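In: Everything below, folded, please.
(chains A and B)
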There are 2 protein chains.
Amino acid sequence: MRSVRSRPDEATQPPIDPTLVPFFKPRGIAILGVSADPHKLGFNLARNLVQSGYAGAIGFVNPKGGSLFERPIYESITDVPEPVDLAVLLIPADLTPGALKDCGVRGIRAAIIASAGFRETGDEGEALEKECLHVAKAHHMRLMGPNCVGILDTHLPFDTTFLPLPGPLAGEVAFLSHSGAICTVIAACARNQGLGLSHLVSLGNQIDITETELLAPVAEDPETRVITLYLEGLRQGRRFVEKAQRIGLLKPIVALKVGRSESGSRAAFSHTGALAGKETAYQAAFRRAGIIRADTSEQLLDFAQALAWCPLPRGKTVAILTNAGGLGVTAADALESHDLQLTQLAEPTQKALRDLLAPAASILNPVDMLASATPEQYATSLRILLEDPGVDSVMVILPPPPISTVGAIARAMSPIARGAEKPVVVTLMGDSMIQEAVDCFHSARVPEYRLPERAAAALAILSQRVQYLARKPTAVVPLDHVQPEAVQSLLSQETSSGPLDPLAAIRILKEYGIPVLGLQRASSTSEAVTLAQQVGFPVALKVASPHISHKTDVGGVLLNLDNEQAVAEAFERLIQKVSASRPQAEILGADVQPMAPQGHEVIVGALQDPQFGPMVSFGSGGVEVEELQDIDFALAPLSRSEAEQLLENTWAGAKLRGYRNVPAADREAVLDVLLRMAQLAADFPQLAEIEINPLRVLPQGEGTLALDVRIQLDLKKDETP
Amino acid sequence: MRSVRSRPDEATQPPIDPTLVPFFKPRGIAILGVSADPHKLGFNLARNLVQSGYAGAIGFVNPKGGSLFERPIYESITDVPEPVDLAVLLIPADLTPGALKDCGVRGIRAAIIASAGFRETGDEGEALEKECLHVAKAHHMRLMGPNCVGILDTHLPFDTTFLPLPGPLAGEVAFLSHSGAICTVIAACARNQGLGLSHLVSLGNQIDITETELLAPVAEDPETRVITLYLEGLRQGRRFVEKAQRIGLLKPIVALKVGRSESGSRAAFSHTGALAGKETAYQAAFRRAGIIRADTSEQLLDFAQALAWCPLPRGKTVAILTNAGGLGVTAADALESHDLQLTQLAEPTQKALRDLLAPAASILNPVDMLASATPEQYATSLRILLEDPGVDSVMVILPPPPISTVGAIARAMSPIARGAEKPVVVTLMGDSMIQEAVDCFHSARVPEYRLPERAAAALAILSQRVQYLARKPTAVVPLDHVQPEAVQSLLSQETSSGPLDPLAAIRILKEYGIPVLGLQRASSTSEAVTLAQQVGFPVALKVASPHISHKTDVGGVLLNLDNEQAVAEAFERLIQKVSASRPQAEILGADVQPMAPQGHEVIVGALQDPQFGPMVSFGSGGVEVEELQDIDFALAPLSRSEAEQLLENTWAGAKLRGYRNVPAADREAVLDVLLRMAQLAADFPQLAEIEINPLRVLPQGEGTLALDVRIQLDLKKDETP
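Out: Numbers count the residues shown, from 1 in each chain, chains lettered A, B, ... in the order given. Next comes the predicted model:
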């Protein structure tokens, strides 16, 4: 099943934890809880292991004894004579801690608890789970599960799952899953798609081993070319990102993350008690880790298939070959929606096609050979297109022709597609009429999809992978004029969590080199007037209160005050108005600020995400962020290219480029603020939320000014998660 | 195959053209070009008609004579003794006009030209096509095709296509297609999905009969519950919209329109020579017609299946029933992304489920019965959920369970789903392991999909249909203060196409009651100063030239001139600058305008679309329309609810609602301008393009002001397409 196609030179593999080796290369496997009753899962489990062709020792255990598949059933794990590296437990939850202990005593250092009845059933189950972990720790044993389907390897081979047979084909795609049910689905769908799996791992409740730890051992397997993940949530998000980032350079990782919506996230919580986490945080984390995101289980397999079977293309151009003009149009739509390009065919290509095909055929791209095209014409046209240096990939679209059969066409084309150094994907349409062609393309390792849209999406993923491998290193930029000691000493004076005083917030930003519009506190009318004279008219007044965070909402901001009398009147009006609307709020006075020069306004923020730690955000302010969702997130600290992406992905960032008679704003200065903000959030996890709203962006070369700064302190957080 | 479920009371059917009846109810069919060679399409055609079970007379014709399927082959159509209402021609293109004439002489008034070799092959073919049409007209004969697959009816039944067998199942979905190849695909996929078709019609080059004419006869068939369309372009877009709008109230219409992207649109042109048309225009047209849009052929069938098989839901709430928590999460995500709601289950529902299911099962929504759920538990849980008055629809998700089979579960559930008065859709996952369940649900007319996302999309379509049927009538609003005669007399003075003089453009808008900021032309410095004194300072100066349409780009606009000297200097600078940058442009002077009050800025436009006639547009100006694509279109004239939709669908419209300390703008006045603009475009097709850019929108109750108006005249267009 190995492909001979070359892969780009890639990074080296992180080391593998030796305690995980027994899960991947066991010399012997014992099953506790086998059953001779074909209606019990213990029967499936024994059957699957025996039928898998596992070459190591197999030990069956059940207190009732007897025999199964011509092997003895031992009454206890201690009786099993053969070497046992891995125990699989499928026994009642309440008996599991005891059995685990027996395993530990027997010298077994790796166990899969397949049984359910633990945390997912309530407090009692959770206590049992903890007991299992306790026993395992005492015996230096690693645990997978509980409440999982098990693990299988199609190459070693072995199968410790109770999945219905036939199981997955042998292949190159590893699948790690938080859900057991989805393992059944993926195994069956991959088989139907002709796609083989190398490993399938069901993680269950993850009391010990998590998806993060398994990335390295799965990637290390030379049979694995693509790693696929089904995720409901991540507990150690930052560690996951770091591992995935290193491994993703070696082998592509495709993930289906569920619980994206509010309802989905609630459903995930009631399902496993796990927090699904914020969708925006996952987007940022996956982007940094280079993880390819699938939206459905179908996409997970579609993308994995293209990545496992196809060489990577050199660029984004595609040629379409079909016998039906209408489907060529559909395919062109689909390619364009995925940012791929219909290339113009070279003159020699057009000539060769003209000589080959019927006069009425279209030799432009899409190439429409007409319904009468023969299998030989299909094959030769494919060869001609692949030889065109301007063509990076080919998409073939094949509805059942009126006279010939799809099978005959597939037989003619597949050797050419198989030997190609460019990706060829096929869209086969017409369901029951195409089975022969499906099988033929599968055995030639040519991905086939049922819709042009799916084929286009898969080609786009290959192109995305090329771009990811070609991108510049994303090292974090070292910053000058950053004073963490000063911030540390400032924060050490704070005794309670909550909003920081604006004056302190401004000082913190300034210590990290972020330009902030000055602010001075006036506690009386006359003080306000004096301060205004000092900073120079016109000025702004903003209410100062630890209890009011949206000052404009309560009439707490007055702008453009251009003389002494205006300032005096404004101060009194401000205090009066705010006191009236928020009688409970403690009012310290008003902050006097010079009016800032005109310019664009953006928002720069930072927060500590429970899954992924420090993050920064960038976007539009006010109504734009709410209506247009114009905000993007990234993990902190930032590389320069990540900061640039924040600008590229948002309307707020796009606007800074300037337009017609609107001059370009100081994009560089915004990037600098983003890098500094990210570093600040990464250095001080107790800064739970930071928001510059707005950051005024001046014309090119003139910098930025933070006009208003809010910091939310959380003194419980003194280290990064 | 008929459902007993009730449908809402709906409008009446438009009358059917009697000349089309022979295509739908032929008493006899003759095939010209039958063949005894099973490798020829003429064999397929004869075979399909004989095997279809057609009860009328069948006449085979081929000059070679002989017999086929135990029937004589006549040498000429004139020899066929039986009654013939419909002739199907599958003979070389160059012989077709002669054969058509023979048909005409024989008294046949309806013919399908299945043969290819016409317009799609070049000039010669196009001439043959015209000759066919000429012959047909002379004999009062209607034509379908050429270059088409034919027509079939599964109920009458008859089949005049050469599609591979088995053909479609008998059912309730009519399919009309511009492409022949897609007919094969749809027939095969629908069969695989257990979905029957009532009619399948391939339209080919449409030299006579078009999709628009066929809507009424297809809708009239009592067997048809849903009409599906595959469209590459529409020639008489406005007529299509009007027909579809009436028929759509009776039976839902689902359309797949290809050629949406630029590449796709180019491909469509090179395929059929048809202009795919502007995607924005199709969006507007389909919205008015209430056509449900499918993005892929898969969606076309998914949506048709739900509409044909399910009762309509009362509202948007859905309950999810599954045996796998992870898939419940996926389904919840999918439902939310389609604007459906996971309802909270009523207390009695929760209690009933608690009594029924295992203690660890989740009785919230999604209901997770756990992997061990029995077929009976599945069935009873479905019944319980359907009885909850807060549940409008149910989505069942069914991966293969570890012990029981999906087939057993399907057998238990399908009677309950079938009898339900609420929609039930099923997601069956696991490919080859589910065939029994697939068949079982199909025979119970319960839609089943392979992904929760597809099931959610189908449920959403049912909900969209309910909303469409419930929406208010969309009558066009009669307007006061509209003076078409004045505009007519103004336009009658214009002698050439091109940009209208701004002064004329302003007068036209004013005659339709649109408030425009005044403008007076100065041809000298002193005249500019005098005019400025008259309108009052500050003023704006705008260059007046028939050759410059984007005045700001050439420095042709100067604002806020607040005294005589400033105006004088500005006039000279303006003329100098514009002359320098556009030396070829004729400069008439400068227009003097008072400065407008501050407010929001939007763009209101109108155009004459080649497919759909007069349209209006609404959106943001400047960088926002380019970067955010913030613009929406509607067919003119407008109903009030259509005008409101333009505001709702755009960011420009959303902003008018006001926000925090930004006051609400005069939304009513914007609606009024939209209605007037639409009426103007509808009344005067020679106004090829009208643009108000910007329309200044003042605070609520203060109205709007068009600050700049451009009209492009096209004197060739003197009537609506």
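In: Please list all residues in contact with the closest residue to A:Gln245 other than its chain neighbours.
Out: Closest residue to A:Gln245 apart from its sequence neighbours, by Cβ to Cβ, 6 or more residues apart in numbering or on different chains: A:Ala289 at 4.8 Å. (Glycine included, C-beta is placed from N, CA and C.) If you count contacts by Cβ atoms under 8 Å, 6 or more residues apart in numbering or on different chains, A:Ala289 has them with A:Phe240, A:Val241, A:Ala244, A:Gln245, A:Gly248, A:Ile253.
In: Can you mark which positions in the helix or strand containing the fifth one are buried?
Out: Okay, so that is A:Gly248. Element membership of A:Gly248, judged by DSSP states H and E, is helix A:237-250. In terms of neighbour count (16 or more other Cβ atoms under 10 Å in any protein chain shown), helix A:237-250 has its buried residues at A:Gly237, A:Arg238, A:Phe240, A:Val241, A:Lys243, A:Ala244, A:Gln245, A:Arg246, A:Ile247, A:Gly248, A:Leu249, A:Leu250.
In: now those as JSON lines including pLDDT?
Out: Formatted as JSON lines, the buried residues of helix A:237-250 follow (pLDDT from 0 to 100):
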{"residue": "A:Gly237", "pLDDT": "94"}
{"residue": "A:Arg238", "pLDDT": "94"}
{"residue": "A:Phe240", "pLDDT": "96"}
{"residue": "A:Val241", "pLDDT": "96"}
{"residue": "A:Lys243", "pLDDT": "94"}
{"residue": "A:Ala244", "pLDDT": "95"}
{"residue": "A:Gln245", "pLDDT": "92"}
{"residue": "A:Arg246", "pLDDT": "92"}
{"residue": "A:Ile247", "pLDDT": "93"}
{"residue": "A:Gly248", "pLDDT": "92"}
{"residue": "A:Leu249", "pLDDT": "91"}
{"residue": "A:Leu250", "pLDDT": "91"}
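In: Just say helix, strand or coil for A:Arg507.
Out: What DSSP: H, G, I helix; E, B strand; the rest coil gives for A:Arg507 is helix.
In: gap between the spatially most central residue of chain A and A:Leu133?
Out: Nearest to the geometric centre of chain A sits A:Phe286, at 3.2 Å (Cα atoms, centre = their mean). Applying Cβ to Cβ, to the nearest Å, the value for A:Phe286 to A:Leu133 is 30 Å.
In: And the strands in the stretch 451-600 of chain A, which stretches?
Out: A:498-499, A:520-522, A:539-544, A:557-561, A:589-594, A:600-609 (DSSP state E, counting those that start in this stretch).
In: a markdown table please, covering these and showing mean pLDDT.
Out: Shown next, in a markdown table, are those (pLDDT from 0 to 100):
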| stretch | mean pLDDT |
| --- | --- |
| strand A:498-499 | 92 |
| strand A:520-522 | 90 |
| strand A:539-544 | 91 |
| strand A:557-561 | 89 |
| strand A:589-594 | 92 |
| strand A:600-609 | 93 |
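In: wait, which of those strands is closest to chain B?
Out: strand A:557-561 (8.7 Å; Cβ to the nearest Cβ).
In: which parts of that closest one are buried?
Out: Result for strand A:557-561 [16+ other Cβ under 10 Å]: buried residues A:Val557, A:Leu558, A:Leu561.
In: Which other helices and strands does that strand contact?
Out: Secondary-structure packing of strand A:557-561 (3 or more Cβ pairs under 8 Å, 6 or more residues apart in numbering or on different chains; DSSP states H and E): strand A:539-544, helix A:564-581.
In: most packed of the ones you listed?
Out: strand A:539-544 (a mean of 24; mean count of other Cβ atoms under 10 Å in any protein chain shown).
In: Neighbouring strands of that strand in the sheet, and parallel or not?
Out: Sheet pairing of strand A:539-544 (DSSP bridges) gives strand A:557-561 (antiparallel), strand A:589-594 (antiparallel).
In: contacts for stretch A:678-686?
Out: A:476, A:479, A:482, A:484, A:487-488, A:491, A:508-509, A:512, A:606-608, A:613-616, A:634, A:636-638, A:643, A:687, A:690, A:713-721.
In: rerun that using 6 Å as the cut-off
Out: The contact list for stretch A:678-686 (Cβ atoms under 6 Å, 6 or more residues apart in numbering or on different chains) reads A:479, A:484, A:512, A:606, A:608, A:614, A:616, A:636-638, A:714-715, A:717-718, A:720.
In: ok so, going back, from the contacts of A:Ala289, which is closest to A:Ile575?
Out: A:Val241 (48.3 Å; Cβ to Cβ).
In: who's in contact with the closest one?
Out: Contacts of A:Val241 by Cβ under 6 Å, 6+ apart are A:Ala285, A:Arg288, A:Ala289.
In: Name the SS class of the first one, please.
Out: Taking three-state DSSP as the rule, one finds A:Ala285 in the helix state.
In: So it sits against A:Gln611, correct?
Out: No - using Cβ atoms under 6 Å, A:Ala285 is not in contact with A:Gln611, being 7.6 Å away.
In: burial count for the spatially closest residue to A:Gly180 that is not a sequence neighbour?
Out: With Cβ to Cβ, 6+ apart as the criterion, A:Gly180 has its nearest non-adjacent residue at 4.2 Å, and that residue is A:Val149. Neighbours of A:Val149 under the rule other Cβ atoms under 10 Å in any protein chain shown: 29.
In: Can you classify A:Val149 by secondary structure?
Out: Per three-state DSSP, A:Val149 ends up coil.
In: Quick check: neighbours shared by A:Ala285 and A:Gln611?
Out: In contact with both A:Ala285 and A:Gln611: A:Gly237, using Cβ under 6 Å, 6+ apart.
In: returning to that earlier point: got the contact list for the residue nearest to the centre of chain A?
Out: A:Arg293.
In: gap between it and A:Ser337?
Out: Counting by Cβ to Cβ, the gap from A:Phe286 to A:Ser337 is 21 Å.
In: before we move on, the earlier item: more crowded one of A:Ala285 and A:Gln611?
Out: Counted by other Cβ under 10 Å, A:Ala285 and A:Gln611 do not tie: A:Ala285 has more neighbours, with 27 against 21.
In: Would you mind measuring from the more buried one to chain B?
Out: To chain B, A:Ala285 is 18 Å away according to Cβ to the nearest Cβ, to the nearest Å.
In: Which residues are in contact with that residue?
Out: Per Cβ under 6 Å, 6+ apart, neighbours of A:Ala285: A:Gly237, A:Val241, A:Phe612.
In: Also A:Gly59?
Out: A:Gly59 neighbours (Cβ under 6 Å, 6+ apart): A:Ala30, A:Val80, A:Glu82, A:Val84.
In: Count the neighbours of the last one for me.
Out: Neighbour count for A:Val84, taken as other Cβ under 10 Å: 25.
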